[in-house]
Structure formats: structure tokens, C-alpha cells
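*Asks:* What follows is a predicted protein model with its sequence.
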Amino acid sequence: MDGPSITTSIPYDSPSVALAWLTDVLGFSVSDVFHDAAGNLAFAQLVWGNGAIFVSGRSPADNPWAAVGPCSISLVADDEAHVARIHGRVVAAHGEVVREPQLSRTPLFPEGSYQLDVRDPEGNLWTVGTFRPRVADTSTQLPE
């Protein structure tokens, strides 16, 4: 498999503002960007580690994609220092920190995840933490 088997797609009212925030503040890399005939950002693919997200403008009201959001997305950080760097960029950008960096423990990750929660300019909730989900290779068991 060449890429991730699941990708999040997030429509924004102001996709150019979102693209800048996601790259400058959270640290995504831009893989592909497409503009419409007027030069506005129509679609972008951003990369985080070996995963990707799609960012686009919001669809017209008669399209089901118009009603998407806000959503919650989790990102895997390399270590606690990575979480701290992102926290610093969010604070410097006057972003909304929902939960300060902390060690969080749940039944899924009893060893703990050092993480923080922030909101992007359009209200999507982003968790950046050290917990890395463990996924078994089910490539031969894809649903039909």
C-alpha cells in the first residue's frame, strides 16, 4: 500500500486561512494545491507523517458536504517536545488552546499520551499527542 488507508476531508468557509493555520501553526506539509478559475483555493492535500488530510472550500448549500463540521482530528506527535513546540506556535498565533499539554491516560492508552487540544479558526478540534494507535494489518480483510 502506497499511502494511508483512511483520509480526513475538512471543508472550510475560508480554506486559504485554514491552509495557512494548518501549515504555519500545526506544522502540516503541503502536498498538492488546486485553485479555482478565480484563483481561490479549491482543494489541498496536506501531509502529517504518513497520513494526509484534504482541505477544501465549503460546498454550496444543496450539496451534502455543506453541512460537514466542525470535526475532531487526532495527530500523532513524535514526542513531548513536539507537542510543546506546537503548543508554543498555537499560543503565538493567539489560537484557542482547549486543554493545555498534559499526560492523559485512558483504557486505550494506559501508559499515557502527552497531548494538548486546540481549535482551528473554524472550530475544528485538534488533539496532538504522543499516543500512536496500534492497528493490525487487515489488508487482506477489507470489507466487501
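*Replies:* All right, it came through fine.
*Asks:* quick one: low-confidence parts of the protein?
*Replies:* Scanning the chain for pLDDT under 70 picks out the ranges 1-3, 5, 136-144.
*Asks:* top helix in it by residue count?
*Replies:* Secondary structure assigned by DSSP state H gives helix 80-92 as the longest helix of the chain.
*Asks:* ranges for the helices of the chain?
*Replies:* So, for the chain - with DSSP H - the helices run 15-21, 80-92.
*Asks:* how much distance is there from the last one to the middle of the chain?
*Replies:* Translated: helix 80-92. Centroid separation between helix 80-92 and its chain, computed with Cα atoms, centre = their mean, to the nearest Å, is 15 Å.
*Asks:* can you list the residues that contact it?
*Replies:* 24-27, 77, 96-97, 100-101, 114-116, 118, 128-130 (Cβ atoms under 8 Å, 6 or more residues apart in numbering). No exception for glycine: its C-beta is placed from N, CA and C like everyone else's.
*Asks:* can we see that at 6 Å?
*Replies:* Applying Cβ atoms under 6 Å, 6 or more residues apart in numbering, the contact partners of helix 80-92 are 25, 77, 97, 101, 114, 116, 118, 128.
*Asks:* Bridged to residue 10, which residues?
*Replies:* Under DSSP bridges, the beta-bridge partners of residue 10 are residue 55.
*Asks:* Same check on residue 129?
*Replies:* residue 76, residue 115.
*Asks:* what's the distance between it and residue 65?
*Replies:* Remark: distance between residue 129 and residue 65 (Cβ to Cβ, to the nearest Å) = 28 Å.
*Asks:* For the chain, which residue occupies the most central location?
*Replies:* Centroid-nearest residue in the chain: residue 73, 5.1 Å away (criterion: Cα atoms, centre = their mean).
*Asks:* I'd like the distance between it and residue 38.
*Replies:* 28 Å.
*Asks:* which residues in the protein form strands?
*Replies:* For the chain, the strands defined by DSSP state E cover 8-12, 29-35, 41-48, 51-57, 72-76, 96-104, 113-119, 125-129.
*Asks:* I'd like the ones you listed written out as a markdown table, with distance to residue 89 added.
*Replies:* Listed next are those as a markdown table, based on distance: least, Cβ to Cβ, whole Å:
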| stretch | distance to residue 89 |
| --- | --- |
| strand 8-12 | 19 |
| strand 29-35 | 15 |
| strand 41-48 | 14 |
| strand 51-57 | 18 |
| strand 72-76 | 13 |
| strand 96-104 | 11 |
| strand 113-119 | 10 |
| strand 125-129 | 11 |
